[in-house]
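Colleague: quick one: sequence plus predicted model below, questions after.
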2 protein chains.
Amino acid sequence: MSVIVAGIGETLMGKYPDRSIYEMIREAGHAALDEAGIDSSLITAAYIGNFNGQQLLGQGHFGPLVMETLGMSHVPAMRVEGACVSGGLALLQGVEAIRSGRHQAVLVGGVEKMTHQTTAAVTSALTSAMDIEFEAHSGLSFPGSFALVAHRYFHEFRNVQREMAQVAVNAHDNALLNPTAQMHKKIDIDKVLNAPRIADPLGLYDCSLVTDGAAFIVLVSEELAQQLDDGAERHRQVRIIGSGHGGDALTLHGKASMTTFGATIRAAKQAYAQAGVEASDIDLAEVHDCFTITQIINTEDLGFFEKGHGGDAVAEGRTARDGDMPINVSGGLKAKGHPIGATGISQAIEVITQIRGGAGERQSNKVDTGLTHNLGGTAGTCVINIFQGA
Amino acid sequence: MSVIVAGIGETLMGKYPDRSIYEMIREAGHAALDEAGIDSSLITAAYIGNFNGQQLLGQGHFGPLVMETLGMSHVPAMRVEGACVSGGLALLQGVEAIRSGRHQAVLVGGVEKMTHQTTAAVTSALTSAMDIEFEAHSGLSFPGSFALVAHRYFHEFRNVQREMAQVAVNAHDNALLNPTAQMHKKIDIDKVLNAPRIADPLGLYDCSLVTDGAAFIVLVSEELAQQLDDGAERHRQVRIIGSGHGGDALTLHGKASMTTFGATIRAAKQAYAQAGVEASDIDLAEVHDCFTITQIINTEDLGFFEKGHGGDAVAEGRTARDGDMPINVSGGLKAKGHPIGATGISQAIEVITQIRGGAGERQSNKVDTGLTHNLGGTAGTCVINIFQGA
């Protein structure tokens, strides 16, 4: 059963400590529903990504909260959580609900509100994505985890500190052309290399952002899409042609490798097989750049570049907006922002917008097939979706 | 596609502040996997219920945590959360994964660790199941919410304080015969009626328990069940023949009624239709008795008794273990325990055990078809599953 994108909507990403979750849900949710032009009574399930609501707001049970806020309390909904891949999991659940024929129309979305809390509170809450007993209680944080990953990568392959800095520069350049992005600030390689260290070799600009935001997508079956079609020309139709969900150990020490993420490898294998495409068929991708080193590893694990050569591709400009394999044209988690439970949905919205040709100044040349790659924790969970224009 | 129960496992329910989540997951998870006798490489997805890990342990991302703990890190897993229906949602996701043909074998489970925290911390964490802005910040707690429900029920129908006390007495009587149960203490109606008030009209014995525990189930397709069958006689085969997922407003004020739970009505309609059975075909049920009034309302909403007459059925002994519609023979949330993320799975294990005829001293006479009813928050979400013996 084909899965069709009927509508998308997201808030501006950024520091909005005074915005309520209700306000963000309403803005992004109604935008997606309005674009879909669907009677909300046709929507029979909803999947909501949220990671830190319980810790930062004291709020869980986001399924009925979101549906009540959107005036659709009758729709059965659930929160799915996989740390930073919560939004990706919500999207995946929606895709599978349509693909299996169980539902004809579903709403998927994510919301996160973080910046009203102190950095210390946010950092502490984020560690709930790693193993508490074996990792967090030993003093490990996420910058610390990925700093270990980076050092190991330098050891196994070569030092890519400069290429990591270029990843950050590209992200900021792209976000300058994205009105939705949190970060609108031009930087250069020296600024990244000379920035305060967070956890060596990761400096301030090697780390993604703390972001408030929400993002929603309405998915429908091909059959329903045909019924809803009134013949008016709106957007190029986008469908989700392949999906993958990969698991790995939660802990860093439990993984077979620190520089090849098993969760990505397994999710990519499923997604490419289901879509019937190969890495070389992907025109553009949004990949999970929680840290600059992560983006480089991901682009290797996804098969875009050979293992150990992701940094070369960055240095050669291949991942830039006008390169042959544009990565994170939105600005990515690094500069568009990382509203955790909404991130996976927000990545999808960028790829859908690029395929539709509606990305304005940051539009890539030719995007028929795009991919989103969303990672949870220290690569304990990965969700990949492949999108194609009709 | 038929959904077959291949294996079940759960820990003792109770106050085990010194048990780690890893220990509980291993005990219950391996019990289910061992009973299924399945090579774990055949399991291709897992769905994990947990509610309060982030607030009470600082631990989220339970998908890969559980799989790593069970030595199955390669299996893609996700946490699903819907407050007290988190376990029910995990079960539902597993059922749908098999029923849709996407997976041949899945692991569903839940785990919760609560009693290491103070009652104040637990009560505060539990309010994340209700709307924070409109309810919790106004001072409403869950006993307070369901006390309002009880008062409204008394107003619309009649005072069932004595019947509520009988619900508690039945639960304690049943739990006395359940070695897995947390509460092993005989009580009588006077003790319930004279107990300290928590939120009038709810006294101490009208409230369910705070519980540590884990519960897991292996589900397989009919096709795989036939392949695994080695001809040895073990248990009567149990299949899940119908499921339902109902939504409603998160808030109490957002609901159409406080005494008929729309989430239950909608989930029951789906589950009965899918199973092709009616309420009168159900031989036994585990229903969500977070408070004694809730059990009475649920048995009406499920169609076992007429609206306003659930209390009569209790008074007449119809819901007792030897009645014509035995309810919560396990002891229920009231006396077996309420390990939140595991509760929905634990309810299913009781019904499966009863259908197999393996419930020992608390075995009901004839159980061919049983039902589980799991509720989240103030009835914002409901999951129902219907089980049948081969």
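Modeller: Cool, the structure landed. Numbering: from 1, shown residues only, chains lettered A, B, ... in the order given.

Colleague: C-alpha from now on. contacts and neighbour counts both.
Modeller: Noted.

Colleague: run through the strands of chain A in chain order.
Modeller: A:3-10, A:45-49, A:77-81, A:105-112, A:197-199, A:202-203, A:213-221, A:238-247, A:284-286, A:369-376, A:381-389 (DSSP state E).

Colleague: mind putting those in TSV, mean neighbour count included?
Modeller: Listed next are the strands of chain A as TSV, based on neighbours: other Cα atoms under 10 Å in any protein chain shown:
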stretch	mean neighbour count
strand A:3-10	26
strand A:45-49	30
strand A:77-81	31
strand A:105-112	31
strand A:197-199	16
strand A:202-203	24
strand A:213-221	31
strand A:238-247	25
strand A:284-286	28
strand A:369-376	27
strand A:381-389	28
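
Colleague: dump those to JSON lines, plus distance to chain B.
Modeller: Formatted as JSON lines, the strands of chain A follow (distance: least, Cα to the nearest Cα, whole Å):
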{"stretch": "strand A:3-10", "distance to chain B": "15"}
{"stretch": "strand A:45-49", "distance to chain B": "9"}
{"stretch": "strand A:77-81", "distance to chain B": "5"}
{"stretch": "strand A:105-112", "distance to chain B": "14"}
{"stretch": "strand A:197-199", "distance to chain B": "22"}
{"stretch": "strand A:202-203", "distance to chain B": "24"}
{"stretch": "strand A:213-221", "distance to chain B": "15"}
{"stretch": "strand A:238-247", "distance to chain B": "4"}
{"stretch": "strand A:284-286", "distance to chain B": "21"}
{"stretch": "strand A:369-376", "distance to chain B": "8"}
{"stretch": "strand A:381-389", "distance to chain B": "7"}
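
Colleague: now those as CSV including mean pLDDT and distance to B:Val383?
Modeller: Below are those laid out as CSV (pLDDT from 0 to 100; distance: least, Cα to Cα, whole Å):
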stretch, mean pLDDT, distance to B:Val383
strand A:3-10, 98, 26
strand A:45-49, 98, 13
strand A:77-81, 98, 11
strand A:105-112, 98, 18
strand A:197-199, 97, 45
strand A:202-203, 98, 45
strand A:213-221, 98, 23
strand A:238-247, 98, 25
strand A:284-286, 98, 35
strand A:369-376, 98, 27
strand A:381-389, 98, 26
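
Colleague: and A:Ile293, what pLDDT?
Modeller: For A:Ile293, the model assigns a pLDDT of 98.

Colleague: er, A:Leu228 actually
Modeller: According to the model, A:Leu228 carries a pLDDT of 86.

Colleague: what's the burial count for it?
Modeller: For A:Leu228, the number of neighbouring residues by other Cα atoms under 10 Å in any protein chain shown comes to 15.

Colleague: I figured it was touching A:Asp39, is that so?
Modeller: No: with contacts counted by Cα atoms under 8 Å, A:Leu228 stays clear of A:Asp39, the gap being 9.7 Å.

Colleague: got the contact list for A:Gln54?
Modeller: Neighbouring residues of A:Gln54 by Cα atoms under 8 Å, 6 or more residues apart in numbering or on different chains: A:Gly60, B:Gln54, B:Gln55, B:Ser128.

Colleague: how about the residue nearest in space to the middle of chain A, what does it touch?
Modeller: Nearest residue to the geometric centre of chain A (Cα atoms, centre = their mean): A:Gly344, 3.1 Å. Neighbour list for A:Gly344: A:Val85, A:Ser86, A:Gly87, A:Gly88, A:Leu89, A:Leu91, A:Thr372, A:His373, A:Asn374 [criterion: Cα under 8 Å, 6+ apart].

Colleague: pull the most distant pair out of the residues you listed.
Modeller: Pairwise distances across these peak at 13.6 Å for A:Ser86 and A:Thr372 (criterion: Cα to Cα).

Colleague: which ones among the contacts of A:Gln54 map onto helices?
Modeller: Among these, the ones falling in helices (DSSP state H) are B:Gln54, B:Gln55.

Colleague: what residues does the stretch 251-390 of chain A put near chain B?
Modeller: Within the stretch 251-390 of chain A, the positions near chain B by Cα under 8 Å from any Cα of the partner chain are A:Gly254, A:Gly262, A:Ala263, A:Gly377, A:Gly380, A:Thr381.

Colleague: which stretches of the stretch 1-150 of chain A form helices?
Modeller: A:21-36, A:53-56, A:62-69, A:86-99, A:119-126, A:142-156 (DSSP state H, counting those that start in this stretch).

Colleague: turn these into CSV, columns for mean pLDDT.
Modeller: What follows is the helices of the stretch 1-150 of chain A, written out as CSV (pLDDT from 0 to 100):
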stretch, mean pLDDT
helix A:21-36, 97
helix A:53-56, 98
helix A:62-69, 98
helix A:86-99, 98
helix A:119-126, 93
helix A:142-156, 97
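
Colleague: okay, those helices in a markdown table with distance to B:Gly110 next?
Modeller: As requested, the helices of the stretch 1-150 of chain A are exported to a markdown table (distance: least, Cα to Cα, whole Å):
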| stretch | distance to B:Gly110 |
| --- | --- |
| helix A:21-36 | 28 |
| helix A:53-56 | 18 |
| helix A:62-69 | 18 |
| helix A:86-99 | 18 |
| helix A:119-126 | 22 |
| helix A:142-156 | 26 |
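
Colleague: and of these, who's closest to B:Met13?
Modeller: Short answer: helix A:53-56, nearest of these by Cα to Cα, at 24.6 Å.

Colleague: how much space between A:Gly308 and A:Ser100?
Modeller: 38 Å (Cα to Cα, to the nearest Å).

Colleague: what residues does the stretch 101-250 of chain A have near chain B?
Modeller: A:101-102, A:125, A:127-132, A:245-250.

Colleague: same thing but 7 Å
Modeller: A:Ser128, A:Ala129, A:Ile132, A:His245, A:Gly246, A:Gly247, A:Asp248, A:Ala249, A:Leu250 (Cα under 7 Å from any Cα of the partner chain).

Colleague: for the residue lying closest to the first one once chain neighbours are set aside, what are its contacts?
Modeller: For A:Ser128, the nearest residue in space outside its immediate sequence neighbours is B:Gln59; the separation is 4.3 Å by Cα to Cα, 6 or more residues apart in numbering or on different chains. For B:Gln59, the contacting residues are A:Ser128, A:Ala129, A:Ile132, B:Gly53, taking Cα atoms under 7 Å, 6 or more residues apart in numbering or on different chains as the criterion.

Colleague: try it again at 8 Å.
Modeller: Taking Cα under 8 Å, 6+ apart as the test, what B:Gln59 contacts is A:Thr127, A:Ser128, A:Ala129, A:Met130, A:Asp131, A:Ile132, B:Gly53.

Colleague: just those now: which is nearest B:Ile327?
Modeller: Out of those, the member with the shortest distance to B:Ile327 (by Cα to Cα) is B:Gly53, at 29.4 Å.

Colleague: the closest one: neighbouring residues, count only.
Modeller: 22.

Colleague: my guess is it contacts B:Lys113. True?
Modeller: Yes: counting by Cα under 8 Å, B:Lys113 is a contact partner of B:Gly53 at 7.2 Å.

Colleague: measure A:Leu177 to A:His288 for me?
Modeller: 20 Å.

Colleague: ok, those two, which is more surrounded?
Modeller: When A:Leu177 and A:His288 are compared for neighbours, A:His288 comes out ahead with 32 against 18, by other Cα under 10 Å.

Colleague: was I right about that one contacting A:Leu371?
Modeller: No: A:His288 lies out of contact with A:Leu371 (Cα under 8 Å); the separation is 11.2 Å.

Colleague: contacts only, for the residue nearest to A:Glu35 when sequence neighbours are not counted.
Modeller: Leaving out its chain neighbours, the residue that sits closest to A:Glu35 by Cα to Cα, 6+ apart is A:Gly7, at 4.8 Å. Contact analysis of A:Gly7 by Cα under 8 Å, 6+ apart lists A:Ala31, A:Ala32, A:Leu33, A:Asp34, A:Glu35, A:Ala36, A:Gly37, A:Ile217, A:Val218, A:Leu219.

Colleague: gap between the closest residue to the fourth one other than its chain neighbours and A:Gly242?
Modeller: Here the nearest residue to A:Asp34 in space, its sequence neighbours aside, is A:Gly7; by Cα to Cα, 6+ apart that works out to 7.4 Å. Taking Cα to Cα as the criterion, A:Gly7 is separated from A:Gly242 by 19 Å.
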